[in-house]
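J.: Just need the structure, nothing else, for what follows:
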Amino acid sequence: MSALPSLEYPDTPRPRAAWTTSRRCALLGALALSASDCWYSVEQYCAQCQLVTHAQVSMPAVAPGTHTEVVLIHGAFGFGAEWTPVVQSLQETPGVDFFAWSWPGPAPFADPPRDAQVLAAELQALVDQLPPSVEEIVVLAHSAGGGLANYAARQLQRTRRRPVLVALLDPVLWPMLSLWPALRQSALYPPVPAGVAMTVYIARAPRTLDPDRPPGDAAIAADLPQVYVGEVGHGPIVARVALPLLAARRYPPGSWQ
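T.: Take a look at the predicted model:
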């Protein structure tokens, strides 16, 4: 696999005062949520989930007879109740295996550029190394996790081996782009490669990604199809979108009509 684009910081950083203020606000918000028990790690909240962490690329164990591998990517503040119905559905769906990809908290945005690169390498390893019986990879990425997935999926190669479906569930892109200029480089977001289908699902007004908030959510996702799910809430959209996608995968892709 060729090297991923370098996530180097631009030569002209944000003014120090603005940079410091933004990071301080993010840190204070993270500490407040942590203190109020609003942060849930995958290990705490989903003990039955197979776990792959941001620390290194590793292949999950794949159950015999698996035809679809599902990757769950939580948001910046953890893996909470929004995933419960999804995990239950996955456990009840034959032929569908899954794992949760965990990136660190409780302080969100600790190092998204690093995490984005590790996730890209993890997804590439799945494309290249999953058993031949696995015909499809499905990535469900929520909130700020959608920002990581948007970057990672665009770096994939050799995707004709097995298709990759990526659902960005109410992605919150702007905070990461604002705090981490390294993720704002347009060169990091090439066109979505052949074999990858990526869609943005939105559950808040305005009904499209906001192009007016500098640097703008739309700046790195303008080429993606967008589906307005309705005002279902930032957390509930996970199940609202994921459950129908999983229900359609109760049978191997080759048997779909």
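J.: Tell me the secondary structure at Q124.
T.: In three-state terms, and counting by DSSP: H, G, I helix; E, B strand; the rest coil, Q124 is helix.
J.: right, and it touches A153 too?
T.: No. Using C-beta atoms under 8 Å, Q124 is not in contact with A153; the gap is 10.1 Å. In short, each C-beta sits where N, CA and C put it, glycine included.
J.: what stretches of the stretch 1-150 of the chain score poorly on pLDDT?
T.: Applying pLDDT under 70 to the stretch 1-150 of the chain flags residues 1-40, 105-110.
J.: where along it do the helices fall?
T.: 16-35, 42-45, 84-92, 112-129, 144-154 (DSSP state H, counting those that start in this stretch).
J.: just to revisit the earlier point, when Q124 and A153 are compared, which one has more neighbours?
T.: With neighbours defined as other C-beta atoms under 10 Å, Q124 and A153 compare such that A153 has more, 25 against 19.
J.: In contact with that one, which residues are there?
T.: 120, 123, 139, 164, 166, 192, 196, 198 (C-beta atoms under 8 Å, 6 or more residues apart in numbering).
J.: Kindly provide the distance from the fifth one to Q48.
T.: Separation of V166 from Q48 (C-beta to C-beta, to the nearest Å): 24 Å.
J.: which residue sits closest to the residue nearest the centre of the chain, ignoring its sequence neighbours?
T.: For the chain, the residue sitting closest to the mean C-alpha position, by C-alpha atoms, centre = their mean, is A141 at 3.2 Å. Nearest non-adjacent residue to A141, counting by C-beta to C-beta, 6 or more residues apart in numbering: A149, 3.6 Å away.
J.: Check the burial of the one you found by counting its neighbours.
T.: So A149, with other C-beta under 10 Å, has 27 neighbours.
J.: I'd say it and L72 touch.
T.: No. Judged on C-beta under 8 Å, A149 makes no contact with L72 at a distance of 10.7 Å.
J.: Spell out which residues are contacts of both of those two.
T.: With the criterion set as C-beta under 8 Å, 6+ apart, the contacts of A149 and L72 do not overlap.
J.: Would you list the phi and psi of P181?
T.: phi -60, psi -20 (degrees, to the nearest 10).
J.: ok, now the one 4 residues further on?
T.: Backbone torsions for Q185, taken as degrees, to the nearest 10, come to phi -70, psi 120.
J.: I'd like the distance between it and G230.
T.: Taking C-beta to C-beta, one finds Q185 at 33 Å from G230.
J.: Name all residues that make contact with the residue nearest to the centre of the chain.
T.: 73, 148-150, 166-169, 171.
J.: Same list, those residues, but as a markdown table with distance to A116 please.
T.: Output for those, formatted as a markdown table (distance: C-beta to C-beta, whole Å):
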| residue | distance to A116 |
| --- | --- |
| I73 | 11 |
| L148 | 5 |
| A149 | 9 |
| N150 | 9 |
| V166 | 14 |
| A167 | 17 |
| L168 | 14 |
| L169 | 17 |
| P171 | 13 |
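J.: what number of residues lie near I220?
T.: Residues near I220, counting by other C-beta under 10 Å: 25.
J.: Number the residues from 22 up from this point.
T.: Right, with 22 as the first residue, what we last looked at is I241.
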